[in-house]
Each structure stands twice: as structure tokens, then as C-alpha cells.
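[1] need coordinates for the following:
(one chain, ligands or ions: 1)
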Amino acid sequence: MNQLADHVTGPVLAPHDERYDAERTGWQIARRHRPDLVVGAVRPADVQAAVTYASARGLPVAVQGTGHAAAAVAGTSGVLITTARMSAVRVDADAGTARVAAGTRWDQVVRAAAPAGLAPLSGSAPHVGAVSYTLGGGLGLLSRTFGYAADHVRGLDVVTADGRLRHVGPDREPDLFWALRGGRDNFGVVTAMEIDLMPVTTVYGGALVFPVETAADVFGTYLRWAATVPDAMNSSIALIALPNSPAIPAPLRGRRSVHVRIACTVGDPAAGERLVAPLRALGPSIDTLGALAYQDAGSIHDEPAEPAAVESDTALLGDLDDHAVRAILDRISLDAAVPHVVELRQLGGRLAHQPAVANAVGNRDARYLLNLVSRLAGTDTGPARSAHTGLLDALAPWSTGGRFLNFMNGADAASQVRSAYSAADHRRLTGIKAVHDPQNVFRLNHNIPPTQN
Ligand SMILES: Cc1cc2nc3c(=O)[nH]c(=O)nc-3n(C[C@H](O)[C@H](O)[C@H](O)COP(=O)(O)OP(=O)(O)OC[C@H]3O[C@@H](n4cnc5c(N)ncnc54)[C@H](O)[C@@H]3O)c2cc1C
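    Presented below is the predicted three-dimensional model:
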């Protein structure tokens, strides 16, 4: 341990250290990493030292940005590298790009880009780490308009299992560059990324909230409407169990409600108004739609930033009809708090296209992403698991069989990694893994095993 601490600027902590718990804890607190050592990296050289130390001793290496996926990837040994201290954004307004360090959250990138009239392809929650989100695909608020965040990466700095810091891009180590964008953490620790920013300052966005009694009508209308909208319309629909809090309007308090979330890039708010008219005609109890600065776009989903213990599951679905809506609503108990969220995000648009520089993000033909989230009151995951399994089974007829890596944060994620890729891409990933990480040092993750093809 001392040998490592001598080469690292940040803290190197063992389980007996009083700072150990805080260092290993991220957003998800249902399961946390329990490594032999935590290295709080301050600079790429710290990451190199930690990886070299672990590789030489046959120890696995885990990485934690903001810890939103910890339930799926938390390990019980090895070296955990935390990147929170490597937090920096540099915007090049002329080039329309940003250089983003490993531990940076999306809200930091959004704030840095806004003065230049630009926006990143960030997700629904501004507190999620930008780098891990992007490497896992990155399904953002504006993804139907522009594609996955991984489709707009220009270059990556990555420390591979041999401890080398490499700069990869379309013309430098293109295989590794392809694999990292979608294969996430299997090939090294990314210390910084260079990404495209989009010319977006304002969206037509917000949420419409409906009482649960109208759920069948709202879901049915939403699905028919979504089939007609242009790529500029980004939306999702969710059934959410709202808390019994005075902050929530009385008719919705302590009950489930239906939320339609909108982020539309049509430019003219009047055009946005026309597009959402069929949804508004259903008479929402809450309507926050209007011109919205992208800096405030976190309010569209309004996901809590405080650490939480949650169980989640996901599936990718094809086109949905009234039978699919019935399958969901028949499984939802109005009294139970689980699942807390049942969400369908509309895919398609630019998400269905291969980017200019191909990457490993798979399943581009899916039409909807299903996201199930249940808050855990204690350690008993039973009610959440059975509610999720029931919903996944009921929706099996509409499942494509694929999954999107970033939302595979549940207990079964480790056994489901293949479903994030086509068979050919998974084979290619295992071959690239065999070249860059033959000992599978990076295995505390959604693992792609090294295989000589
Ligand atoms: C509330 C919430 C909202 C979300 N919204 C969206 C969304 O809108 N769109 C979307 O696509 N996803 C979304 N996600 C999923 C999220 O993008 C992934 O869970 C992502 O991995 C979280 O990033 P993190 O920094 O918290 O990762 P961590 O939990 O810290 O790490 C997750 C994985 O990424 C790897 N990793 C972390 N940093 C690096 C690095 N520097 N180099 C290599 N690998 C690394 C780790 O090894 C680990 O396996 C959401 C998740 C939550 C909980």
C-alpha cells in the first residue's frame, strides 16, 4: 500500500481508514464497492499508478465516477479508483467541443457550454457522471434529434491494463476507440474525453402530469402520438408513485400519476405547442411545458440527486399498442410503492442511425426503452424484484431481447451483458479485450471476457 501511496497525489485508503466509507460511496447506496484499497485519483498519473499496482498483483480494478451503477458493478476486493477529484471542463466554442475530465458531472458541462450557446448530449439527471454515461452509450434528453452521446465522441484519453496512458480516436487505435464507445469500462480507465457540443440553448420542454385514473387513455394517446412525431421531439412517459408530501398538489399527493416528459428542439415554441396539442387536449393536472433554457432541463424529469437505495431493471421494446399498455396497467398496484417508476423512453430518430464513426452501441432498431426503478426501504429487495419480474414477463411479447448498457443497473446485469450487443459486435469486443486486457484486470463491471477469436 505504501508503495502505491508514494506514487499517488490523492488519498490511498484501506478499510480501516475512517475516510474509506465516504470515498467508496456514490449515488447508489443499495450496494457499495468493498475494495482492499481505494485510490482517490487526482490526475491521470494516479490512475496509471493504481492500474500498474493492481495489474502486477493480479488484483481486479474497479472505477467509480458518481456511482449511479454501483448496484450492478460493486466488487468485494481489488483496487477501486475514484475519479471525483478529476473534475474539469474546457469548452472550445469555435470548434463546438468540450474536453471533459473523468469525474465531471453533466451539470458542470451544461453550465460550461451554455455561455457559448452550446449544449452537451446529457441525460435526464444532471448529477450523473458524464464520462461513464457516454461510454455506456448515453441516451440523452436530445438523443432522437442528435443520436447517442457515444456517437459524438472525438477522442478519449485512456489508461489501459498495462498502465499506459493512450490517446485514442478515429485515426489512433481505432479498434480500441470503437470498443470504448459502448463497451465502457472493459478496456481501461478513461481519464478525459473530447465531445461534440450541440447548438442548443433552449428547448420546448417540461412535463404534463395526469391522474392515474386516466392512465389507459394517456398511454394509448401517447403511443399513437409518438408514432407520428418528428425526430426533433424527444419524450418519455412514466407511471410514478409520488410521495405524500405537501409539495405535491393534493389530487396527486401520495398516489401514482402519469408523467409525459418533453424536450423538443423545433426552435420556435409555437411549433412545439402545435406538436404537443394532442397530449394537452387530455387535460393534465400539471402542465409545465414552455420554452426552457437547456441549463434548466434537469427539471423535466426532476430526478433526486441525493444518494438512494434503488433496484432497477430494463428492457428494449419494439412498437407498442393498447395490449402492451394493458399489460403494464394490469400489473401496477395503486397501493404498492413498487415499482416506484415505470418509464418508457421513445427511441428511434437519430438513435436508429449508425454514427459517422461507428461504435459498439447496439440495438439501434429498438423503439422504446423500459426503465423500472424501485426505491428500497431496507435490505429486502423481494417486493421490488417480484414487481419487476412480473412487468418484464408481461411485456415479453414486445421485447426485442436486447438491453441498453447504461440502464442495466440491476442485480441481474452481470448475466445480461451480451444482450447489449449484436453477436458479431460482442465477438469483436471479446477479441479487443484479449488484446488490451488479457488478464481481465477490468472485471468489476459489465464484463466482456477476453477471448482469442
Ligand atoms: C437517476 C439516474 C438517471 C440516469 N439517467 C440516464 C440517462 O438519462 N441516460 C443514460 O444513458 N443513462 C442514464 N443513467 C445511467 C447512467 O448513465 C449509468 O449508470 C452511468 O454508468 C452512471 O455514471 P456514474 O459516473 O455514476 O458511473 P459509476 O456508477 O461510477 O460507474 C459505472 C460504470 O462505469 C465505469 N466507469 C466509471 N468511470 C469510468 C471511467 N472514467 N472510465 C471507464 N469506465 C468508467 C465503472 O467501471 C462502472 O462499471 C441514469 C442513472 C441513474 C441512477
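
[2] what comes into contact with the helix or strand of the chain at the bottom of the mean pLDDT ranking?
    When each helix and strand of the chain is scored by mean pLDDT, DSSP states H and E, helix 70-73 comes last, with a mean of 81. With contact meaning CB atoms under 8 Å, 6 or more residues apart in numbering, helix 70-73 is reached by 26-33, 62, 64, 185, 310-312, 408-411, 413-414, 444-446. Bear in mind the C-beta positions are built from the backbone N, C-alpha and C, glycine included.

[3] just the buried positions in it, please.
    70-73 (16 or more other CB atoms under 10 Å).

[4] does the ligand have contacts with whichever helix or strand comes after it?
    Using DSSP states H and E, the helix or strand that directly follows helix 70-73 along the chain is strand 79-82. No - contact of strand 79-82 with the ligand (CB under 6 Å from any ligand atom) is absent, the minimum separation being 8.1 Å.

[5] note down every partner strand of strand 79-82 and its orientation.
    strand 37-40 (parallel), strand 61-64 (parallel) (DSSP bridges).

[6] touching that strand from outside, list them.
    Taking CB under 8 Å, 6+ apart as the rule, strand 79-82 contacts 23-24, 33, 35-41, 46-47, 50-51, 53-54, 59-64, 103, 189.

[7] now stretch 281-295
    Contacts for stretch 281-295 (CB under 8 Å, 6+ apart): 110-111, 114, 119, 200-211, 214, 217-218, 221, 249, 251-252, 257, 260, 262-263, 269, 272-273, 276, 280, 299-300.

[8] tell me how many other residues crowd Ala271.
    Neighbourhood size, Ala271 [other CB atoms under 10 Å]: 13.

[9] Ala95 too?
    By other CB under 10 Å, the residues close to Ala95 number 11.

[10] equivalent analysis for Thr202, please.
    The tally of other residues near Thr202 (other CB under 10 Å) stands at 18.

[11] try Ala49
    24.

[12] ok, now the one 4 residues further on?
    Neighbouring residues of Tyr53 were enumerated by other CB under 10 Å; the total is 22.

[13] would you confirm that it belongs to a strand?
    No - remark: Tyr53 does not belong to a strand; assigned using DSSP: H, G, I helix; E, B strand; the rest coil, it is helix.

[14] isn't it right up against Leu4?
    Yes - counting by CB atoms under 8 Å, Leu4 is a contact partner of Tyr53 at 4.6 Å.

[15] quick check: the residue of the stretch 251-400 of the chain nearest the ligand.
    Glu303 (4.5 Å; CB to the nearest ligand atom).

[16] tell me, what's the model's pLDDT at Ala247?
    With respect to pLDDT, Ala247 scores 75.

[17] tell me the secondary structure for it?
    What three-state DSSP gives for Ala247 is coil.

[18] quick check: phi and psi at it.
    phi -70, psi -20 (degrees, to the nearest 10).

[19] quick one: neighbours of it, just the number.
    For Ala247, using other CB under 10 Å, the count is 7.

[20] going forward, count from 24.
    With 24 as the first residue, the last one maps to Ala270.

[21] residue numbers of the chain in contact with the ligand?
    Residues of the chain lying close to the ligand (CB under 6 Å from any ligand atom) are 49-50, 85-93, 96, 106, 125, 146-148, 151-152, 154-156, 158-162, 207-208, 212-213, 326, 429, 432, 468.

[22] those residues, buried ones only, as a PyMOL selection?
    Those of those that meet the burial criterion (16+ other CB under 10 Å) are gathered into one PyMOL selection, given here:
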select buried, resi 49+50+85+86+87+88+89+90+91+92+93+96+106+125+146+147+148+151+152+154+155+156+158+159+160+161+162+207+208+212+213+429+432+468
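
[23] keep only those of the residues of the chain next to the ligand that are in strands.
    85-87, 212-213 (DSSP state E).

[24] spatially central, which residue of the protein would that be?
    Asn429 (4.2 Å; CA atoms, centre = their mean).

[25] residue contacts, that one?
    By CB under 8 Å, 6+ apart, the contact list for Asn429 reads 92, 156, 159-162.

[26] follow-up on the earlier one: ok, of the buried residues of helix 93-96, which one's closest to the ligand?
    Of all the buried residues of helix 93-96, the one sitting nearest the ligand is Val96; the distance, using CB to the nearest ligand atom, is 3.9 Å.

[27] so for stretch 278-294, mean pLDDT?
    The average pLDDT within stretch 278-294 is 94.

[28] ok, now stretch 430-444?
    Here the average pLDDT along stretch 430-444 is 91.

[29] how about the strands paired with strand 102-105 in TSV, adding mean pLDDT and distance to Ala417?
    Converted to TSV, the strands paired with strand 102-105 look like this (pLDDT from 0 to 100; distance: least, CB to CB, whole Å):
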stretch	mean pLDDT	distance to Ala417
strand 60-63	98	41
strand 84-87	96	34
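
[30] how about these in JSON lines, adding distance to Val102?
    Below are the strands paired with strand 102-105 laid out as JSON lines (distance: least, CB to CB, whole Å):
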{"stretch": "strand 60-63", "distance to Val102": "5"}
{"stretch": "strand 84-87", "distance to Val102": "5"}
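
[31] identify whichever of those strands lies nearest to Leu357.
    The minimum distance between Leu357 and the strands paired with strand 102-105 falls on strand 84-87, with 37.1 Å, by CB to CB.

[32] contacts for the closest one next, please.
    Applying CB under 8 Å, 6+ apart, the set of residues contacting strand 84-87 is 47, 49, 56, 58, 73-74, 77-78, 93, 96-98, 101-106, 155, 184, 208, 212, 464-465, 467-468.

[33] residues in contact with Gly63?
    Contacts of Gly63 by CB under 8 Å, 6+ apart are 33-36, 46, 69, 105, 107-108.

[34] ok, now with 10 Å
    Counting by CB atoms under 10 Å, 6 or more residues apart in numbering, Gly63 makes contact with 31-36, 42, 46, 69, 73, 103-109, 126.

[35] please check the residues you listed and keep the buried ones.
    31, 33-36, 46, 69, 73, 103-109, 126.

[36] out of the residues you listed, who's nearest the ligand?
    Closest to the ligand, out of all of the buried ones among the contacts of Gly63 and judged by CB to the nearest ligand atom, is Thr106, at 5.3 Å.
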